[in-house]
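# pasting the sequence and the predicted coordinates here, then a few questions.
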Amino acid sequence: MTSIASRINQLDGADLEALRAGVSGTVVTPDHPDYDTARQILSLAFDRRPAAIVRCEGTRDVAFSVRFARDRGIPFAPRSGGHSGMGFSSVDDAIVIDLGGMKQVTIDPVERVAVVQAGTTSDDLAGPASQYGLALSTGDTGSVGIGGLTVGGGIGWMVRKYGLTIDNLLAATVVTATGEVVRASEYEHPDLFWAIRGGGSNFGIVTDFTFRLAPSGMVHGGAIVLPATREVLRGYIDYAPRAVDDLTTMAFLMAAPPAPFIPESVVGQPVLLVGAVWTGALDDIEGRDAALAPLRALATPIADTVEAIPYPVMFAYTAEGTQRHGAALRMLFADDLTDAQLDASIDAITHSTSPMSMIQFRGMGGAVSRVPSDATAFPHRDVPLFVAAIGIWVDPEDDGEAHRAWVKDLWTHLAPASRGAYVNFLQDDGEQRLPEAYLDRMERLRQVKAKYDPENVFHFNANIRPE
Ligand SMILES: Cc1cc2nc3c(=O)[nH]c(=O)nc-3n(C[C@H](O)[C@H](O)[C@H](O)COP(=O)(O)OP(=O)(O)OC[C@H]3O[C@@H](n4cnc5c(N)ncnc54)[C@H](O)[C@@H]3O)c2cc1C
């Protein structure tokens, strides 16, 4: 039997010509001047050398690449925004099917529907949508790819009002494991449509998504920066999941960054930076202030920048996340945290190994919790809190070990609170926490996997094995 390595080497010959001839996009191999750029993803922690990167220009290129790789037994991995923390979208000796250039966005402002190619980022979509007074509930960072974000769920700045990204998905075009192109919706391949809403990239490569948009192109948004005390943290986690739906917040326990709105004397001190988006009527300042009052009352704010903004401006608060960096990450969904866990979090951030590291607390609830539990593959509908410890480094020479140890140490305190995990944040402890990510829907996901990908060709992911 020919080894995978020798099959990949065949790419140097006639097969490579066949691949190039079969797609409209560019095929970047190690001899190509763009190879070192094309093989990179956001994370600094991976220095992988794919056999080829196919820069797809459309669904046809994706389908051809899948068939090409499958016929030759060559492993392949899709990539959209390249933000996989596990390096799943740049794999040694595999063919990377890169949808990053597929960024077409078509908005119907009357029907409030957008058809979005998978390489579009949250930023790419938010700008044009905002110009029509519309928005999609995506993540917290503008550069994350809609492709990877959506198939995992999508939890961001509007989640309490408009639900997860998948809760706004009407249909998708999917290239299956055999290279067939199918439509997935409530009416076509409904089992596949169920699975791609939270089941990750196990079932096919989505080339475009049809989303319902929300009438929130302008919002009141900004940051309320508070001192990092146990009382403030307690007040935040008690209030955030129970606020009115129009208020979505994420709190970052971190060393105060050198941002223009942070007094110089506070930079470097531990703070709780609460990012807030109010989606109520723009002129309802009273309603907005009533929603924000419990946060503002937790302590005298160090800074408060909440004001009317175009929604895409919110991504400026997480812009550092768009620079290449390494990240150690562990997350949990929780009902509550004990005082000891809050103290451990403050202690950890006070002694963190990097000024960029953070512990995120996000209030869930609202619209997320009103979608019927079995409607999608995402099972954590009733959970109030999302907590993530993230150790971050930016020096390419840093091996990340100190930051991984920092996260692991904090995790010994936080882990007992876990009642679930989010597949898009599974990382350092990935594989063994898959059952926590899917809870009671593992069985059904395995059945859909067995139907659409019985040979598990889509396995560079949080992998659901066929039944
Ligand atoms: C800085 C940062 C901030 C983040 N913030 C949030 C947040 O606020 N909320 C949130 O929910 N998540 C967040 N995430 C997690 C993010 O949603 C996941 O990492 C997501 O998988 C990234 O998608 P991508 O397309 O950018 O990445 P890629 O690396 O391209 O892909 C990630 C995974 O998805 C698969 N995949 C990619 N494209 C497709 C496709 N078209 N069809 C099927 N499978 C595909 C890949 O094979 C890979 O397994 C964040 C990540 C980072 C790095």
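Received it, and whenever you're ready, just let me know what you need. Residues are numbered from 1 along each chain as shown.

# quick one: neighbours of the closest residue to Pro50 other than its chain neighbours, just the number.
Of all residues not flanking Pro50 in the chain, Val96 sits nearest, at 4.6 Å (Cβ to Cβ, 6 or more residues apart in numbering). Every residue, glycine included, has its C-beta placed from N, CA and C. By other Cβ atoms under 10 Å, 27 other residues sit near Val96.

# ok, now Glu320?
Neighbours around Glu320, by other Cβ under 10 Å: 13.

# residues near the residue nearest to it when sequence neighbours are not counted, how many?
Leaving aside its sequence neighbours, Glu320 sits nearest to Met356 (Cβ to Cβ, 6+ apart; 6.8 Å). Number of residues near Met356 (other Cβ under 10 Å) recorded here: 20.

# next, Met356: secondary structure please.
The three-state label for Met356, taken from DSSP: H, G, I helix; E, B strand; the rest coil, comes out as coil.

# picking that back up, so which strand or helix has the residue nearest to Pro50?
Taking DSSP states H and E as the criterion, Val96 maps to strand 95-98.

# next up, the contacts around the closest residue to Trp157 other than its chain neighbours.
Excluding its sequence neighbours, the residue lying closest to Trp157 (Cβ to Cβ, 6+ apart) is Val277, at 4.5 Å. Residues near Val277 by Cβ atoms under 8 Å, 6 or more residues apart in numbering: Trp157, Met158, Val219, His220, Gly221, Leu247, Thr248, Thr249, Tyr311, Met314.

# which bits of the stretch 301-450 of the chain sit near the ligand?
Contact residues (Cβ under 6 Å from any ligand atom) of the stretch 301-450 of the chain with the ligand: Gly321, Asn424.

# now the strands for the stretch 301-450 of the chain?
Per DSSP state E, counting those that start in this stretch, the stretch 301-450 of the chain carries strands over the ranges 303-304, 307-310, 326-334, 358-363, 385-393.

# possible to save those strands as JSON lines with mean pLDDT?
Below are those laid out as JSON lines (pLDDT from 0 to 100):
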{"stretch": "strand 303-304", "mean pLDDT": "98"}
{"stretch": "strand 307-310", "mean pLDDT": "98"}
{"stretch": "strand 326-334", "mean pLDDT": "96"}
{"stretch": "strand 358-363", "mean pLDDT": "98"}
{"stretch": "strand 385-393", "mean pLDDT": "97"}
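
# check the residue nearest to Trp157 and give its pLDDT.
Val277 is assigned a predicted lDDT (pLDDT) of 98.

# that one looks like it's in a strand, true?
Yes - counting by three-state DSSP, Val277 is located in a strand.

# re earlier: measure the residue nearest to Glu320 to Gly391 for me?
Relative to Gly391, Met356 is positioned 9 Å away (criterion: Cβ to Cβ, to the nearest Å).

# just Glu436 next, same as before
For Glu436, the distance to Gly391 - Cβ to Cβ - is 21 Å.

# if I look at the residue in the stretch 251-400 of the chain that the ligand sits nearest to, how far off is Met254?
Nearest residue of the stretch 251-400 of the chain to the ligand (Cβ to the nearest ligand atom) works out as Gly321 at 3.3 Å. Distance check for Gly321 against Met254: by Cβ to Cβ, it reads 12 Å.
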